[in-house]
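In: Only the shape, not the letters, is given here:
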């Protein structure tokens, strides 16, 4: 009987949702929201994602880099949010994620332009990423000579860096302040 | 040094080839594989050890052998209150034995220490290491259609994502259940699909009339190959999230234990504030898990009203979890070297309010449940865990504390912030469902007090270390953690390139399952669900039950509802007195 | 991976989209759900359980858990579908009356989640049986569950649509000018805030700190900067942020200032002393 008294005491505990909106609390880890304009294609999120919900791959024609997010695989850990350098991915408040009859609706993609290697002309990263880095170089108080040197370095693909490691390292070191 | 007296005693009978300490309180001794059973037995029974975990490992790339590590927690037999080691002597002794690759056999330890039974069955499944003389060599982990002779955890066996084709589901292979001798018993299969919130598991109860005389079970329906996955696909930054998904209820304890094992192996000290936050999260997990279990123990016996109230209070603990971590169930805030999410003072304040609400309401509900004689008598005297059985199988958690053992890894091997906190280990003597639930209730109050202390004592400073330490390949350590269900042990051996070479995760329930069989014996079918529930492996209950009379071969199918109704109304119906 | 299971033609014929929509129309606001755990970690079970308690009460729109797949309109499948649960799942699937709606619950059910390519799982329910509704989340919170169930029976419409962003150009986001004259200063504050309070609270801390420092008329004058910080700390209600702002000033700001001019960072007029730090916790 005591339990019934408790029921009376504490009353109705039911939420109104879905008949009225439900406000998620502050700091809730909801669906990652993607801001396409901010994305530079650095692939940090794809490397960090424990469940491989985020992937970055070349498209079929091999002329664009495609960032892809599969909400169905996301475990809402927020690692992408944590590592994204530009704030393109932030965990939002959206919890209404179910889809019906079409699984494709869980997917979000973003295409990015490719940058080609100075030496071998092979595509290896995005134009935006290189431009972002160069922009960064301008704001740390380096001389123009250093900036030029570093810009050249980052425009070389890892493959060429490996082949020409010795040359590049001397170049790079010589340019250091 | 710590542990020397045990090793000296061991040396009187056995040749100890090598002794190493890393970290300080974890001692690894190497013995010949022929001496393995005797060494483990001496440590276990003669010197008061408990089997924490056993790790089979494929070290052929390192030293050309398979290696077995039997980790024994030295804390005293605890059969009597005096029979306990002083805190300065408590340590882990890991018995290591090399097994040559060309002859992967070793003498079974199980004959001398029954607690090793599941570990040795698993060693065969995953590595193909044969324990000679093992009384129960059946398959434990892998599914019944897994090809013979393919041992997934051997480094050279297969790709981590190799999936052998299944057979047609009409030809599903059968598992060989143990059957008691003699005729006249009823053979009751339960599961693997259950109705209530339940993990799949298949139980066979052997009954004489209404009384269970023996039981056997087939588990590991959820074997997901996590250890192989972590060794191949994951870096340490990702592993914590995988470890958190070992279990959806006490996952956080796994995440911290896993990361702490990695930290201890390279002697990494994390900031005090991070330690306190880890404790807070773990204890919040204990809050909701214990409430869940008490609630279900009420529900299984038909006390739906109490169940609903407890679940209502449980929502406060979920709110608390969400407050400090941003997620209700998966907190995702552990990284190697500390934490990735802080608790602000505003959140602390709200947290303290929630704790007060919970404390009052939990007390109210528990009082109401205790006044209900029919509820209490349904719990008393059911599913008794015998003290000797508990000792033999190294049971853990509220399960063993309900049988009068003062065994809590927070008390035996304090970790993190626990050295700054006052708490009492709750022990009950009954050994029955009632004792276990009372332990859980006592722990709820302790937990609230621990979280409160952590909030109040939370040190200032950073929550993660600056990256200065590097992984040392092949360094290993184990980490302990008191999850809601008991002690979790994770063992990690570092590999190269920020990856793990071997991760062994031993969940609390792993040590409790083998003793369940003994808890079943002598009870009625109606109480089976309650006994499983009170052990808290997963939740109660059964789904489709076939009663087969062995003599006549007649069978009858009971639906879950029927069985549950039976379970709820058999005796002392909770509504009877109202 | 070869095709694991071919849905028998008799089941296939009775489970067309029209049949399913008709079923949804027929059952309206009364539907029976059978839950199948295909090897999930239990997190999903717990959240299903939490969402059928009175707090969320899905019986308001007719949700009912049933004990047997033969009674079910909807199969709610959790877990990445382990090898071991493959056979029980198929038995339950074939036993459920046609047409049937299958919901894949949680990240694991939808795609295999974090276990998607492990040897012992099949990587999602839809790898084996046809699935109609996907309900992501790890685990889905009760609110998500309620939304998913309401979507499944058509009470609510789904929100998500596939989005393909294209032709974003090559211009990267603009990096703000450093108020210190060197973005390395900002970089060090960001990394310090992360070490102190993690990525989420760290961002709030960063904003609070930078806003306070920007108010100073001369960023290179530590006395003025400290004065502004003391003002900001007075207005801040949360002691934890107060403390961290002091630490950043001592550890990051003064260190960077030293590269510009020589200062004595033990001077109490420039840095925060231990007493000042202890004061905030009163």
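Out: Arrived safely, thanks for sending. Not measured: the values here are computed from a predicted model.

In: ok, for the residue minimising distance to the centre of chain A, nearest residue in space, not its chain neighbours?
Out: Against the mean C-alpha coordinate of chain A, by C-alpha atoms, centre = their mean, the closest residue is residue A:45 at 4.0 Å. Nearest in space to residue A:45, with sequence neighbours left out and distances taken as C-beta to C-beta, 6 or more residues apart in numbering or on different chains, is residue A:80 at 3.8 Å. Quick note: C-beta positions are derived from backbone N, CA and C, even for glycine.

In: cool, and residue B:96?
Out: Excluding the flanking residues, the one nearest residue B:96 by C-beta to C-beta, 6+ apart is residue B:30, at 4.7 Å.

In: now swap in residue B:113 and tell me
Out: In space, residue B:113 is closest to residue B:44, 5.0 Å off (C-beta to C-beta, 6+ apart).

In: That neighbour: what secondary structure?
Out: Under DSSP: H, G, I helix; E, B strand; the rest coil, residue B:44 falls in the helix class.

In: For it, list the residues it contacts.
Out: B:50-51, B:72, B:113, B:115 (C-beta atoms under 8 Å, 6 or more residues apart in numbering or on different chains).

In: run the last query once more with 10 Å
Out: By C-beta atoms under 10 Å, 6 or more residues apart in numbering or on different chains, the residues touching residue B:44 are B:50-51, B:70, B:72-74, B:77, B:109, B:112-116, B:391-392, B:394.

In: Quick check: the farthest pair among the residues you listed?
Out: B:74 and B:114 (18.8 Å; C-beta to C-beta).

In: More neighbours: these two, which one.
Out: Neighbours per residue (other C-beta atoms under 10 Å in any protein chain shown) separate residue B:74 from residue B:114, with residue B:74 holding more: 25 against 18.

In: Just give me the longest strand of chain C.
Out: strand C:31-37 (DSSP state E).

In: Would the helix or strand following it count as contacting chain B?
Out: Counting by DSSP states H and E, the element after strand C:31-37 in chain order, helix or strand, is helix C:43-51. Yes. Counting by C-beta under 10 Å from any C-beta of the partner chain, chain B is contacted by helix C:43-51 at C:43-50.

In: now the residues you listed in TSV, with distance to chain A, pLDDT and neighbour count?
Out: Listed next are the residues of helix C:43-51 next to chain B as TSV, based on distance: C-beta to the nearest C-beta, whole Å; pLDDT from 0 to 100; neighbours: other C-beta atoms under 10 Å in any protein chain shown:
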residue	distance to chain A	pLDDT	neighbour count
C:43	10	86	25
C:44	12	87	29
C:45	17	85	26
C:46	16	85	23
C:47	12	88	28
C:48	14	87	25
C:49	15	83	22
C:50	12	85	23
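
In: Which of those sits closest to residue A:94?
Out: Checking these one by one against residue A:94 (C-beta to C-beta), the nearest turns out to be residue C:47, at 17.2 Å.

In: Can you tell me the closest non-neighbouring residue to the closest one?
Out: The shortest distance from residue C:47 to any non-neighbouring residue, by C-beta to C-beta, 6+ apart, is to residue C:139 (4.3 Å).

In: picking that back up, check the secondary structure at the residue nearest to residue B:96 for me.
Out: Classification of residue B:30 using three-state DSSP returns strand.

In: care to break chain A down by domain?
Out: A:25-114, A:117-177 (automatic domain parsing).

In: quick one: low-confidence ranges for chain B?
Out: Counting by pLDDT under 70, the ranges of chain B that qualify are B:179-186, B:190-199, B:535-578.

In: Show me what residue of it gets nearest to chain C.
Out: Nearest residue of chain B to chain C, counting by C-beta to the nearest C-beta: residue B:248, 2.5 Å away.

In: Tell me which residues touch residue 93, please.
Out: Went with chain A since none was named. Residue A:93 is in contact with A:23-31, A:33, counting by C-beta under 10 Å, 6+ apart.

In: right idea, wrong chain: chain C
Out: Applying C-beta under 10 Å, 6+ apart to residue C:93 gives the contacts B:169, C:5, C:7, C:11, C:36, C:69, C:75, C:77, C:100, C:102, C:125, C:128-130.

In: The same query, at a cut-off of 8 Å, please.
Out: C:69, C:75, C:100, C:102, C:129.

In: Next: residue B:258.
Out: By C-beta under 8 Å, 6+ apart, the residues touching residue B:258 are B:239-240, B:243, B:479, B:490, B:492, B:503, B:505.

In: and the residues you listed, which of them are in strands?
Out: B:479, B:490, B:492, B:503, B:505.

In: I figured the third one hits residue B:477, correct?
Out: Yes. Residue B:492 is within contact range of residue B:477, at 6.6 Å (criterion: C-beta atoms under 8 Å).

In: Residue numbers of the stretch 101-250 of chain B in contact with chain A?
Out: Within the stretch 101-250 of chain B, the positions lying close to chain A (C-beta under 8 Å from any C-beta of the partner chain) are B:234, B:237-239, B:241-242, B:245.
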